[in-house]
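Student: A predicted structure for the sequence below; I have some questions about it.
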Amino acid sequence: MRGKSGHVQGSFHDISEGEKTDVVLHQLIGYEQLLNEALTMALLTDDLATFHDRCLALVGGRLNVDRAYFFKHNEATDTMDNTHEWCAEGVVPEKDKLQGIPEKDFTWWVESMKRNEIVCYPDIAEIPDEVTKNALGSQEIKSILVVPLFLNGQYDGFLGFDDCARRRDWKQEDIDILLSLSKIVSMVTGRKLVEAEKEKLQSQLLQAQKMESVGRLAGGVAHDFNNMLTGIMGYAELCRHDIDDGHPAHEWLDGILHESRRSADLTRQLLAFARKQTIAPQVLNFNDGVGNMLKMLRRLIGEGIDLIWQPGANLGAVKIDPGQIDQILANLCVNARDAIGGRSGKLILRTENILIDEIYCAKHIEASPGAYVMLEVSDNGCGMDKETALHIFEPFFTTKDVGVGTGLGLATVYGIVKQNAGFINVYSEPNKGTTFRIHLPRVPLKTHAKQHGSQTSESPIGTETILLVEDEKAIRFTLGLCLKGLGYTVHAAESPEEALRLIEEQENIIDLLLTDVVMPGMSGRELAEKLAPDYPAMKVLYMSGYTADVIASQGILEENVQFVSKPFSRDALARKVRGVLDEHKDCGEAALRQPIFIHQVN
């Protein structure tokens, strides 16, 4: 029926029941074919957006409507967006104008959709809500049919048809088609989103496995490389110590030591990425760690960049090596400085207490639920695209010119964060800056008395007796000469078994056992435990070039155990040995188990 006269004008002719049946069957077959085509399209189209566009074109053209469209509900902003639109020839598109529409301005419409009601008006003049009626009229819509879309039981938007040139009496078949189509769209959208999320998680897993593989490789070479560096530095320092300052070789030896230290730093960065560097974690307030670095960071980034510090109130404590906070801040700030370039810019450091829930973790495979302290480092530099962001934590990956940087800065940050049971996210777009967010687990805050001490410029000496146990000949030889040069009496052995025989033959009092950790037959820890009953006053200092996980398995990284990481300099060894000998001089056997932990990395 058209118009409001209450009757139908026009001519009529009689049709038989058989003809009626044929028409209905023809319509049903046509509708069934239409839906089958939509389902086939869903199976053959990988991209969700392409499926939506093709689906609208298929159904809109077949049903002879002027417009067919999808609107998406944005839960975060309570707005609706016209995400896909098909228009018949000659019909003006409206999609670009229909973005970010506040749902509060269309309460009647949105509430109808959320109640899973069909909005079907042959003439929009019949719509009871004036706001909706006027909005549709401004788009020259004369007739409308809309059904809601639900995804996993939640309102997700709506699917609709418009006629702009005429009033249209929508048939029940039109409504059925649209309802069936909405179910297909919801099903396909849900499946595609699950597949996309699965692909994202798979990609994250592969990336994590790749990073772990590189970490294992770095840890595998670290032990041998550190031992070789210790020997090289030992020989160079012995030569340097025995020649006059004016000798031409003095400068060459300084060059050898300089390059050796650079190599040691490179190894340490690789181990930081691999989460296997030796550390001495402390419970501390992150705000204090950042605050202590501000002066140095301002010098590091230069005067042209405005450094803004926004400490979080009542910030929780974290457990981390203080030196690692310095590494994180230095690397991220240098990265920001380089992204800003030579122009003036802004760098913001911010901390905050954060609670991570299961919903967040479902979308971020690297995260675990719990309470965290978050450090945010943001800059307004050049930013980066998604492809670059996927690789920035890989060791040796860099966007800088050849010879500028090592490509280990962000890899080091990543390793430190993972070593401390945290996770890191990066958000960036080209020309819109970059934001790094580091999350470290919150722990109860403890107070510790600060240790004070003076340090002279000269390497400390001594007259005590040291038992040196080291299976690497070059290291054993250079350390022995170094310690003798400092005034100590040194008994050197290449294995724990030889050390035990040597002590039996010498029958000397041993003031300090300086031993490698991992050796064939017997570990350094086992040797110390064997000697403890006969030498209750003996102090113990462990050394190793192995990674932190290997050393930890020997119990060496426990609190109150003395350890020095290879490679180290002559001066660092001298101070470490002197410090261990001078601590707890009257504690007897307890010195083996309860010396103050002092971590030395050179």
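Tutor: Everything's here; your move. Numbering: from 1, shown residues only.

Student: all strands of the stretch 301-450 of the chain, in order?
Tutor: For the stretch 301-450 of the chain, the strands defined by DSSP state E, counting those that start in this stretch occupy 305-310, 317-320, 345-356, 370-379, 423-428, 434-441.

Student: pLDDT weak spots in the stretch 101-250 of the chain?
Tutor: For the stretch 101-250 of the chain, applying pLDDT under 70 flags the ranges 204, 206-223.

Student: 90 - rerun?
Tutor: For the stretch 101-250 of the chain, residues meeting the criterion pLDDT under 90 lie at 101, 103-114, 116-120, 124-141, 146-157, 159-161, 164-250.

Student: and the strands in it?
Tutor: Under DSSP E, counting those that start in this stretch, the stretch 101-250 of the chain gives strands at 101-102, 119-121, 143-151, 154-163.

Student: turn the ones you listed into TSV, including mean neighbour count.
Tutor: Just so you know, the C-beta spots here come from the backbone N, C-alpha and C atoms, and that holds for glycine as well. Shown next, in TSV, are the strands of the stretch 101-250 of the chain (neighbours: other C-beta atoms under 10 Å):
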stretch	mean neighbour count
strand 101-102	14
strand 119-121	19
strand 143-151	21
strand 154-163	21
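
Student: tabulate those (JSON lines), appending distance to E394.
Tutor: Shown next, in JSON lines, are these (distance: least, C-beta to C-beta, whole Å):
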{"stretch": "strand 101-102", "distance to E394": "42"}
{"stretch": "strand 119-121", "distance to E394": "52"}
{"stretch": "strand 143-151", "distance to E394": "36"}
{"stretch": "strand 154-163", "distance to E394": "37"}
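
Student: out of the ones you listed, which is closest to P430?
Tutor: Closest to P430 of the strands of the stretch 101-250 of the chain is strand 101-102 (C-beta to C-beta; 28.6 Å).

Student: list the neighbouring strands of that closest one plus their orientation.
Tutor: strand 79-87 (antiparallel) (DSSP bridges).

Student: from the chain's centroid, how far away is the strand it pairs with?
Tutor: Averaging C-alpha positions (C-alpha atoms, centre = their mean, to the nearest Å) puts strand 79-87 34 Å from its chain's average.

Student: what of stretch 171-188?
Tutor: Mean-position distance between stretch 171-188 and its chain equals 42 Å (C-alpha atoms, centre = their mean).

Student: neighbouring contacts of it?
Tutor: Contacts to stretch 171-188, defined as C-beta atoms under 8 Å, 6 or more residues apart in numbering, come from residues 27, 31, 34-35, 38-39, 42, 48, 51-52, 55, 59, 63, 70, 118, 120, 145, 147-151, 156, 159-161.

Student: try it again at 7 Å.
Tutor: Identification of contacts with stretch 171-188 by C-beta atoms under 7 Å, 6 or more residues apart in numbering yields 27, 31, 34-35, 38-39, 42, 51, 55, 59, 63, 118, 120, 145, 147, 149-151, 159, 161.

Student: stretch 80-87 now?
Tutor: Residues from elsewhere that reach stretch 80-87 (C-beta under 7 Å, 6+ apart): 52-53, 56-57, 60, 66-74, 93-95, 98-101, 103, 157.

Student: ChimeraX command to pick out the buried ones of those?
Tutor: Selection of buried members from the contacts of stretch 80-87 for ChimeraX, criterion 16 or more other C-beta atoms under 10 Å:
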select :52,53,56,60,66,67,68,69,70,71,72,73,94,95,98,101,103,157
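
Student: so which of the contacts of stretch 80-87 sit within helices?
Tutor: The subset of those located in helices under the criterion DSSP state H comprises H52, D53, L56, A57, G60.
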